[in-house]
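> only geometry, no sequence info:
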């Protein structure tokens, strides 16, 4: 909230969709050029099953957004109207899609909520609570999936059941998970134990010469944590359980998208390729790998992880996809889970910005 209105509106400018689209489509175009198999593509026949599973994949994304909306409704104490909640979520996702994954839409989400009539302290508390719950999901689910499917399967290590520490995916995941873990511990202590100490630490750290230019922002963050702590400490345990379940269903629905895209492709190929039909255990492994991919994306500097996401998906999911369909699968995945937010956001932003500019 220390940023000016013009600065925040500049961050969510619809013109920014061009960069992630160019990056993503360039990578997909290169992969098509390198790996395109005309014979394999000629085998695709779209059946009713194909259409059905693609529709279900879109439904999973809709469930994901509904889960987000329900959570925001809970966190706001049911003070925000449903249409306003929808606008906030779409603006939030749009901002996440046009900024690097490590920044995401959280950086301006306080502004979105505040402009829907919620006071500054409560808006800050809501955003920090959503961020905390999102990261808590990953903190819990990553080790759980690691235990269920084993490290060797999770990081594409064949031939043995031990983890190879030279594996590149392992290091991407560890770095991303470490960032999330430190963040959750930091926010947890600040929100529920000692917010004033967190502010003091921030102020001390940002006195360092190479960090000094961000000192005012660090002070503001410390103030936000103190405000949020007062707001959230009084919430009952039931409040957090309901909020976390909404978070759990939201993120889990997102990760089932790939499973249904795979089923759509499998039912669209000839019978002799039906051996790619996957078991329940393999579905769990696909789910787990998507979770790991999302954790990896936090270390990527491109908007929404564009380029990296398409490339790593093609390699990370290749063993489950019929030969020649990897690139198509990666493109379908991004069309369903990423590009719609660019389109919806670019439609909502102008009207929402007009409404904001009309207010003092």
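That came through, no problem. Since the model is a prediction, treat every value here as computed from it, not as a measurement.
> going forward, measure contacts and count neighbours with C-alpha atoms only.
Fine.
> so how far is residue 345 from residue 292?
Going from residue 292 to residue 345 by CA to CA, to the nearest Å gives 26 Å.
> so where's the stretch 151-300 of the chain uncertain?
156-167, 210-211, 267-278, 299-300 (pLDDT under 70).
> quick one, helices of it?
151-154, 168-192, 195-205, 215-232, 237-255, 257-266, 280-297 (DSSP state H, counting those that start in this stretch).
> ok, and the closest non-adjacent residue to residue 136?
Residue nearest to residue 136 in three dimensions, not counting chain neighbours: residue 184, with 6.7 Å by CA to CA, 6 or more residues apart in numbering.
> make sure the one you found is actually in contact with residue 132.
Yes - using CA atoms under 8 Å, residue 184 is in contact with residue 132, at 6.1 Å.
> mind naming the longest helix for the protein?
For the chain, the helix that runs over the most residues, judged by DSSP state H, is helix 120-149.
> buried residues, that one. List them.
Buried residues in helix 120-149, counted by 16 or more other CA atoms under 10 Å: 120-130, 132-139, 141-142, 145-146, 149.
> again, but for stretch 70-80
Buried positions in stretch 70-80, judged by neighbour count with 16+ other CA under 10 Å: 70, 71, 72, 73, 74, 75, 76, 80.
> re earlier: who are the packing partners of the longest helix of the chain?
Packing partners of helix 120-149 (3 or more CA pairs under 8 Å, 6 or more residues apart in numbering; DSSP states H and E): helix 48-75, helix 106-114, helix 168-192, helix 215-232, helix 237-255, helix 280-297.
> for residue 263, find the nearest of these.
Of all these, helix 48-75 sits nearest to residue 263, with 6.5 Å by CA to CA.
> what are the buried residues along the helix or strand following the closest one?
Downstream of helix 48-75, the first helix or strand assigned by DSSP states H and E is helix 82-98. Within helix 82-98, the residues that qualify as buried by neighbour count (16+ other CA under 10 Å) are 84-98.
> and the angle for helix 82-98 with helix 106-114?
160 degrees (axes from the mean of the first three to the mean of the last three CA atoms, to 10 degrees).
> mind checking how far helix 82-98 is from the chain centre?
The chain centre lies 13 Å from the centre of helix 82-98; the measure is CA atoms, centre = their mean, to the nearest Å.
> any idea of the mean pLDDT in stretch 81-95?
Stretch 81-95 carries an average pLDDT of 87.
> re the thing from before, closest to residue 175 among the buried residues of helix 82-98?
Closest to residue 175, out of all of the buried residues of helix 82-98 and judged by CA to CA, is residue 96, at 20.0 Å.
> so how far is residue 243 from residue 132?
Using CA to CA, residue 132 is found at 11 Å from residue 243.
> please disregard the earlier target; I meant residue 344.
Computed as CA to CA, the residue 344 to residue 243 distance reads 25 Å.
> who's more crowded, these two?
Counting neighbours by other CA atoms under 10 Å for residue 344 and for residue 243 shows that residue 243 has the greater number, 22 against 15.
> so who does residue 244 touch?
residue 133 (CA atoms under 8 Å, 6 or more residues apart in numbering).
> swap in 10 Å and give it another go.
Contacts here follow CA atoms under 10 Å, 6 or more residues apart in numbering; on that basis residue 244 touches 71, 130, 132, 133, 134, 136, 137, 238, 250.
> do you know the pLDDT at the second one?
Here, the pLDDT recorded for residue 130 equals 89.
> excluding sequence neighbours, find me the nearest residue to residue 149.
Computed as CA to CA, 6+ apart, the closest residue to residue 149 that is not its neighbour in sequence is residue 285, at 6.2 Å.
> my guess is that neighbour meets residue 145, correct?
Yes - the pair residue 285 and residue 145 passes the contact test of CA atoms under 10 Å, sitting 8.1 Å apart.
> shared neighbours of the two, anything?
Counting by CA under 10 Å, 6+ apart, the contacts common to residue 285 and residue 145 are 154, 291.
> quick check: pLDDT value at residue 321.
Per-residue pLDDT puts residue 321 at 69.
> go on, residue 73?
pLDDT for residue 73: 92.
> try the one 3 residues further on
pLDDT for residue 76: 87.
> how about it, what does it touch?
Contacts for residue 76 were tallied using CA under 10 Å, 6+ apart; they are 70, 85, 113, 118, 122, 123, 125, 126.
> how close does it sit to residue 82?
From residue 76 across to residue 82, the span is 11 Å (CA to CA).
> overlap in contacts of these two?
Counting by CA under 10 Å, 6+ apart, the residues touching both residue 76 and residue 82 are residue 70.
> residue 229 and residue 125 touch, don't they?
Yes - using CA under 10 Å, residue 229 is in contact with residue 125, at 7.3 Å.
> shared neighbours, those two?
By CA under 10 Å, 6+ apart, the residues touching both residue 229 and residue 125 are residue 191.
> cool, thanks, talk later.
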